[in-house]
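Novice: Just need the structure, nothing else, for what follows:
(2 chains)
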Protein chains: 2
Amino acid sequence: MRQLYHTHLSPFCRKIRMLLKEKGLDFELVCENPWDRNLDFFALNPAGEVPVLVEPNGTVISGSYAIGEYLEDIYPITNLIGRNSSERAEVRRLIDWFDHKFDYEVTQNVLFEKAFKQYMGGEPNSASIRNGKQNLLYHLDYIGYLAQSRYFLGGDQLTLADLAAAGHLSALDYLGDVPWDYNPSARNWYALMKSRPSLRCILSERVRGARPPAYYENPDF
Amino acid sequence: MRQLYHTHLSPFCRKIRMLLKEKGLDFELVCENPWDRNLDFFALNPAGEVPVLVEPNGTVISGSYAIGEYLEDIYPITNLIGRNSSERAEVRRLIDWFDHKFDYEVTQNVLFEKAFKQYMGGEPNSASIRNGKQNLLYHLDYIGYLAQSRYFLGGDQLTLADLAAAGHLSALDYLGDVPWDYNPSARNWYALMKSRPSLRCILSERVRGARPPAYYENPDF
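Specialist: Predicted coordinates:
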């Protein structure tokens, strides 16, 4: 059986979980928290980071960039990265936007500080959290701008760019930190994402010691 | 003529410059410093980040992830990302290692603090620089470990993983911040990279107001 090593609330793991579901690929989840510094896991991925995918034939693919491209390479029937080189360039630009820029400007400042830092023995930095929440506003505007001119963020089809964005936003939304009223077009796009079974099964999970807001799972929010 | 928008000392731009050269593709460089916040450049790439490639037919590709994959897609003759899905997964794991993990743990702490922060009106943070230099040691050990079992970092052929690593290390080396004596295998790998014309032409450039150490260009260092 295919295995995905993941951590709860990790946007990168959520993206790959959605991708596997959208492609109709069965997998079992193995919870691996990088802060436990498990040596067996380092043997699998020397970076000590999730996600890591272990294919049924034993092939190990580490990191959300390599896994995303690998799954497109090997299971191309449900295309999620674009049908030609221009579409792929646009989808990859947006994956990079969410997994680098959004991650650096928002997720690291809010999600890392509020949810993960405690496991590494640190205290949340309130200035970072404020900065992250402030940065989130223009990212919501950019999502809204894209969603006004396209059905999905990368074009008229669902792509890995939507899954990357939904990975970050759904994790932040668990903490109640996404002001959805700020941009109705961004909210409409996220409502569309919430209606997909690939995200719904993630939204039904709960993390020990923290409850999401009441609207977290509701596609009508 | 193909154009590459770049910033001096940016590891991501250096990677793409090497890739274009290795593929034998002509291009002209356009210097664009993101801290100038040039509105024309934001129209090209809404992220306001380099590198951006403009192909002769006008196609715009933004960000080193999208550009690297696009160039492999369109000009596959000189293969730099692996010949099958397993090789590609390994090369992409290592690109991710250097462009995320190394960038976050070393480059942002050293190069950003010492070279770029001043343009954004900040002062270098000496604790960050110390942390970055400390983190660099285990990364040199990992490069040395890879270089002992393989001819290049991603396997027996030069790949985009080598170019990603050389992009970061050459920029740090300009500042004199790479202790090459620390790991002789890592140094041997970098000597091999220095002998390639794709890196040599970058090493011959100088940045205003800063001189590199005497050994910077020398393949025998």
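Novice: if I look at residue A:213, how far off is chain B?
Specialist: Distance of residue A:213 to chain B, computed by CB to the nearest CB, to the nearest Å: 30 Å. In this view, the C-beta of every residue, glycine as well, is placed from N, C-alpha and C.
Novice: Residue A:129 now?
Specialist: From residue A:129 to chain B the distance is 19 Å (CB to the nearest CB).
Novice: Return the backbone torsion pair for that residue.
Specialist: With angles defined as degrees, to the nearest 10, residue A:129 sits at phi -60, psi -40.
Novice: what sits against it?
Specialist: A:109-110, A:113-114 (CB atoms under 8 Å, 6 or more residues apart in numbering or on different chains).
Novice: what number of residues lie near residue A:84?
Specialist: By other CB atoms under 10 Å in any protein chain shown, 8 other residues sit near residue A:84.
Novice: What are the boundaries of the helices in chain A?
Specialist: A:11-22, A:39-44, A:64-74, A:85-96, A:126-149, A:160-174, A:184-194, A:197-203 (DSSP state H).
Novice: which one of those lies closest to residue B:35?
Specialist: helix A:126-149 (17.1 Å; CB to CB).
Novice: I'd like the distance between the residue nearest to residue A:220 when sequence neighbours are not counted and chain B.
Specialist: Closest residue in space to residue A:220, ignoring its immediate chain neighbours: residue A:191 at 7.1 Å, by CB to CB, 6 or more residues apart in numbering or on different chains. Distance, residue A:191 to chain B, by CB to the nearest CB: 24 Å.
Novice: now residue A:123
Specialist: For residue A:123, the distance to chain B equals 17 Å [CB to the nearest CB].
Novice: what sits against that residue?
Specialist: Here residue A:123 is in contact with residue A:117 (CB under 8 Å, 6+ apart).
Novice: Which pLDDT does the model give it?
Specialist: At residue A:123, the model reports a pLDDT of 91.
Novice: Can you give me the distance of the residue minimising distance to the centre of chain A to residue A:137?
Specialist: Centroid check for chain A by CA atoms, centre = their mean gives residue A:167 as the closest residue, at 2.0 Å. Distance, residue A:167 to residue A:137, using CB to CB, to the nearest Å: 19 Å.
Novice: Equivalent analysis for residue A:84, please.
Specialist: Per CB to CB, residue A:84 is found 34 Å from residue A:137.
Novice: which of the helices of chain A sits most buried?
Specialist: The highest average neighbour count among the helices of chain A, using mean count of other CB atoms under 10 Å in any protein chain shown, belongs to helix A:160-174 at a mean of 27.
Novice: Packing partners of that one?
Specialist: helix A:11-22, helix A:85-96, helix A:184-194, helix A:197-203 (3 or more CB pairs under 8 Å, 6 or more residues apart in numbering or on different chains; DSSP states H and E).
Novice: what's the angle from that helix to helix A:126-149?
Specialist: 140 degrees (axes from the mean of the first three to the mean of the last three CA atoms, to 10 degrees).
Novice: Need phi/psi at residue A:153.
Specialist: phi -70, psi -40.
Novice: Can you verify my assumption that it contacts residue A:166?
Specialist: No. The pair residue A:153 and residue A:166 fails to qualify as a contact (CB atoms under 8 Å) at a distance of 9.3 Å.
Novice: Spell out which parts of chain A neighbour chain B.
Specialist: When proximity is defined as CB under 8 Å from any CB of the partner chain, chain A approaches chain B at A:45-47, A:49, A:59, A:61-63, A:65-67, A:69-70, A:73-74, A:85-86, A:88-90, A:92-93, A:95-97, A:100-101, A:142.
Novice: mind listing what the nearest residue to residue A:119 once chain neighbours are set aside touches?
Specialist: In this structure, residue A:119 finds its nearest non-sequential neighbour in residue A:35, 4.2 Å apart by CB to CB, 6+ apart. Contacts for residue A:35 (CB under 8 Å, 6+ apart) come out as A:116, A:119-120.
Novice: what does residue A:32 give?
Specialist: Per CB under 8 Å, 6+ apart, neighbours of residue A:32: A:5-7, A:38, A:41, A:50, A:52.
Novice: out of these, what pair is the most spread apart?
Specialist: So, the contacts of residue A:32 by CB to CB: farthest apart are A:6 and A:38, at 13.6 Å.
Novice: Comparing those two, which residue is more hemmed in?
Specialist: Regarding residue A:6 and residue A:38, a neighbour count based on other CB under 10 Å identifies residue A:6 as having more, with 22 against 14.
Novice: Report the contact partners of the more buried one.
Specialist: With contact set as CB under 8 Å, 6+ apart, residue A:6 has these partners: A:13, A:16-17, A:29-32, A:50-51.
Novice: if you set the cut-off to 7 Å instead, what comes out?
Specialist: By CB atoms under 7 Å, 6 or more residues apart in numbering or on different chains, the contact list for residue A:6 reads A:13, A:17, A:29, A:31-32, A:50-51.
Novice: Equivalent analysis for residue A:101, please.
Specialist: residue B:47.
Novice: swap in the one 4 residues further on?
Specialist: Contacts here follow CB under 7 Å, 6+ apart; on that basis residue A:105 touches residue A:135.
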